[in-house]
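Q: sequence below, structure please.
(4 chains)
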2 protein chains.
Amino acid sequence: MARPPRFDLDQLLDAAVRLAAASGPAGVTMSAVAKEVGAPSGSVYHRFAGRTVLLAEVWLRTVEHFQEGWFAALEGEGDPRRAGRAAARHVVAWSRAHPEEAALLLYGAQDFGRAEWPDEQAGRADRGRRRVRDAVARLAAALGAADPAARERVSVAVIDLPLSLVRRHLRAGEALPGHAEGLAEECTAALLA
Amino acid sequence: MARPPRFDLDQLLDAAVRLAAASGPAGVTMSAVAKEVGAPSGSVYHRFAGRTVLLAEVWLRTVEHFQEGWFAALEGEGDPRRAGRAAARHVVAWSRAHPEEAALLLYGAQDFGRAEWPDEQAGRADRGRRRVRDAVARLAAALGAADPAARERVSVAVIDLPLSLVRRHLRAGEALPGHAEGLAEECTAALLA
DNA sequence: ATAATATTAGAGATCCCTCTCTATATTGTT
DNA sequence: AACAATATAGAGAGGGATCTCTAATATTAT
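A: You can find the predicted model right below:
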């Protein structure tokens, strides 16, 4: 009943990921994506209403990919300290397995034009944020972290710290060293002690 | 002997900082800076050879501002553990005092077009990087950190961790909470223990 | 075969940004 | 008063990106 697509959504988003990893969000233009996959610009506009939506979708797909395994790691353990360490390790391991997507994660939604996102994409972003916030809150409660500073320390331990370890290397244009997962786990353990 | 300037270097760089804090590096265009200070674009080109140089200068001035106090904090203490804690505290305190410049620090030189910088600016950036690297190496040695992972742990403790604490809040558009300096110091202490 | 439909294909209007160029203004010196 | 030096001032060419619009094309259901 219809012509089969030559350029599907994921193919275009993959190209956008490569461009963003190489040149930052500014490098993700409609024409750059079109050129990257060898399509005319019209085909890109057929999939995405505009650059705003493309940026939102590439960011959201990446974050949701990442979170999938992160939640699994965090919630797959009974002991809260072990859960935190597994989550930290996952941040690094996932980044090693997906270096280009990890490069995106080092930016923020703001850098992908969040202020102009349509409601649908803004909602997805909010739901993801809330889910992470709640998971961290449960972990903090299980660890007996009561005051805001203690809760924030947990959050840093299982998200920000391992990400900053990844950032050090990706920003310098290096691959992650072999000890990165172990180091992340150790540092997280130290913060959760 | 000459007409007095209406728009000096620092005034233009201040405007560039505001724009970068609000919209990221992409928001720093020659015309946006001109508009921000109320100058014609020609006056901006009179100070900076082009956008590449403007981006380099705004990044370098910010990093050098930051490093000034950071080195003082790190080297003002005899005991290495106290030195590391002072450095971590400084990262947060400086960010609180200069939130717009701190927003710049959350990016990397790459995002400010480092690949295209002229030699002068690239050299300044390299010298700064080396100075930080050497200071961290001395601290790590004083702490008895021998292998690469241990040295990296020190680096994370005194730079990346406190910066990621700042990033959490600035990326969310919030001010830094009152406990931030104390939390940074505690976390750094935990990693250096 | 034919109709319906999703998609490719790409030309072109419009906008914004970078950068150049020329003219003009202000100051200290002679 | 003329001049040299330094800045401001802003018009405009050139380039690239976004987005719209129309036409062509491939596929499937009937």
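Q: burial measure for the residue in chain A that DNA strand C sits nearest to, as a count.
A: Using CB to the nearest atom of the strand, the single residue of chain A nearest to DNA strand C is A:Gly42, 2.4 Å away. Glycine gets a C-beta too; all of them are placed from N, C-alpha and C. Residues lying near A:Gly42 (other CB atoms under 10 Å in any protein chain shown) number 9.
Q: please tell me how far it sits from DNA strand D.
A: Between A:Gly42 and DNA strand D the distance, using CB to the nearest atom of the strand, to the nearest Å, works out to 5 Å.
Q: what are the buried residues along the helix or strand harbouring that residue?
A: Taking DSSP states H and E as the criterion, A:Gly42 maps to helix A:41-47. Buried residues in helix A:41-47, counted by 16 or more other CB atoms under 10 Å in any protein chain shown: A:43-44, A:47.
Q: could you do stretch A:167-181 as well?
A: For stretch A:167-181, using 16+ other CB under 10 Å, the buried residues are A:167-171, A:176-177, A:179-181.
Q: looking at those residues, which are in strands?
A: Judged by DSSP state E, strands contain none of those.
Q: from those, which are also near chain B?
A: Of the residues in the buried residues of stretch A:167-181, proximity to chain B by CB under 8 Å from any CB of the partner chain holds for A:167-168, A:171, A:177, A:179.
Q: what about these, which are in helices?
A: A:167-168, A:171 (DSSP state H).
Q: and A:Pro5, how many neighbours does it have?
A: A:Pro5: 11 neighbours (other CB under 10 Å).
Q: quickly check the ones next to chain B among the buried residues of stretch A:167-181 for the two that are furthest apart.
A: A:Arg171 and A:His179 (18.1 Å; CB to CB).
Q: please enumerate the helices of chain A.
A: A:9-23, A:30-37, A:41-47, A:51-75, A:80-97, A:99-105, A:119-142, A:148-155, A:161-171, A:180-192.
Q: model confidence over stretch A:104-114, on average?
A: Mean pLDDT, stretch A:104-114: 97.
Q: what does that stretch rub up against?
A: For stretch A:104-114, contacts defined as CB atoms under 8 Å, 6 or more residues apart in numbering or on different chains pick out A:17, A:20-21, A:24-25, A:51-52, A:55-56, A:58-59, A:62-63, A:66, A:95, A:122, A:125, A:163, A:166-167, A:170-171, B:24, B:171.
Q: mind checking the end-to-end distance for it?
A: End-to-end distance of stretch A:104-114 (CA to CA, to the nearest Å): 14 Å.
Q: tell me if it is near DNA strand C.
A: No - Stretch A:104-114 lies out of reach of DNA strand C by CB under 7 Å from any atom of the strand, never closer than 14.3 Å.
Q: once you drop chain neighbours, what's closest to the residue nearest the centre of chain A?
A: In chain A, the centroid-proximal residue (CA atoms, centre = their mean) is A:Val63; its distance is 3.4 Å. Closest residue to A:Val63 apart from its sequence neighbours, by CB to CB, 6 or more residues apart in numbering or on different chains: A:Gly128 at 5.9 Å.
Q: how much space between the one you found and B:Ala190?
A: From A:Gly128 across to B:Ala190, the span is 29 Å (CB to CB, to the nearest Å).
Q: so which residues on chain A come close to chain B?
A: Counting by CB under 8 Å from any CB, the residues of chain A that sit close to chain B are A:24-26, A:108, A:110-111, A:148-149, A:152-153, A:155-156, A:160-161, A:163-165, A:167-168, A:171, A:177, A:179, A:182-183, A:186-187, A:190-191, A:193.
Q: mind giving me the PyMOL select for these, buried ones only?
A: Buried subset of the residues of chain A next to chain B, written as a PyMOL selection, criterion 16+ other CB under 10 Å:
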select buried, chain A and resi 24+25+108+110+111+152+153+155+156+160+161+163+164+165+167+168+171+177+179+183+186+187+190+191
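Q: picking up where we left off before, against which helices or strands is the helix holding A:Gly42 packed?
A: helix A:9-23, helix A:30-37 (3 or more CB pairs under 8 Å, 6 or more residues apart in numbering or on different chains; DSSP states H and E).
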